[in-house]
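Colleague: sequence and predicted model, in that order:
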Amino acid sequence: MTSSPPPSLPDIQLCLADEATFWPWRRWPEFAAWPDKARTVVLIPIAGFADYGLVRGLDAEEAVLMAIVKAAAERRPPGTGLLVIPPLRFALGPKEYCAFPIEPDVACNQLEEVASWVGAAGFTKILFFNASPWNEELTKAVGRDLRITRRLQMFCVQLSALGLDFDPVRGGDRTRLKGVLAGLTEDPATEAGAAGRTVLSQTADRLAAMLGEMSRLPPLKNGGELANKTWP
């Protein structure tokens, strides 16, 4: 009995991503000559691990999140600068529903570290796009801190705000989530596959429109430095 050869590198899909906008698939010299960094949004995907009972493994959040990111990248408005880094995989814990949780200080440091090196590469518009219900308050708090301490133009979008809420306590729409997951795996000719792809397309359209708005916003004044206020 002979075993089949391992797949060649091009056949290995480490992450679902749009080829034109995925940061790791570009060479470092490209970033030095990157056109109009001030109008380029760097999207940081954030997904946790949990068993939601959605006929999917622990990576359900990432599967939905990255499918939406890829679709939004492909249909973003013309002239919208976009780069997407690999997803950060963690959930703020401990929570009874999530797996592999990390402590709050570790989570904060990780987000700050990644956003800081994005800023060091010359990009100032950063979007936290988060799927995990346990990370929502965290991303908003760290985003505010980075705006102040690193002078970055921060944006936060929660997947739940786009109508795909994984929170089992908050009563997220499991039908829509199941539909998206079905759309990723089932034949689009089937009713479930077609319905799921419709939900995915609608959600991606909303994110694509947001990316266009973020890209068009002018840079922060004074390099992002906040003016000191004096009180009487």
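Modeller: Perfect, thanks for sending it. Numbers count the residues shown, from 1 in each chain.
Colleague: next, the one residue sitting closest to the centre of the chain: phi, psi?
Modeller: In the chain, the residue lying closest to the centroid (Cα atoms, centre = their mean) is Pro45, at 2.3 Å. Main-chain dihedrals, Pro45, degrees, to the nearest 10: phi -80, psi 140.
Colleague: show me what contacts it?
Modeller: Glu62, Leu65, Met66, Val69, Val84, Ile85, Pro86, Pro87, Leu88, Phe129, Asn130, Ala131 (Cβ atoms under 8 Å, 6 or more residues apart in numbering). No exception for glycine: its C-beta is placed from N, CA and C like everyone else's.
Colleague: which strands and helices lie in contact with the lowest-mean-pLDDT helix or strand in the chain?
Modeller: Sorting the helices and strands of the chain by mean pLDDT, DSSP states H and E puts strand 98-99 at the bottom, at a mean of 82. When contacts are defined as 3 or more Cβ pairs under 8 Å, 6 or more residues apart in numbering; DSSP states H and E, strand 98-99 sits against strand 49-50.
Colleague: what pairs with the strand it packs on, and is each one parallel or antiparallel?
Modeller: Here strand 49-50 has these sheet partners by DSSP bridges: strand 98-99 (antiparallel).
Colleague: could I get the average pLDDT for the very next helix or strand once past the strand it pairs with?
Modeller: The helix or strand immediately downstream of strand 98-99 is strand 101-102, counting by DSSP states H and E. Strand 101-102 carries an average pLDDT of 89.
Colleague: just checking, next helix/strand downstream of strand 101-102?
Modeller: helix 104-120.
Colleague: please consider this matter closed, and thank you.
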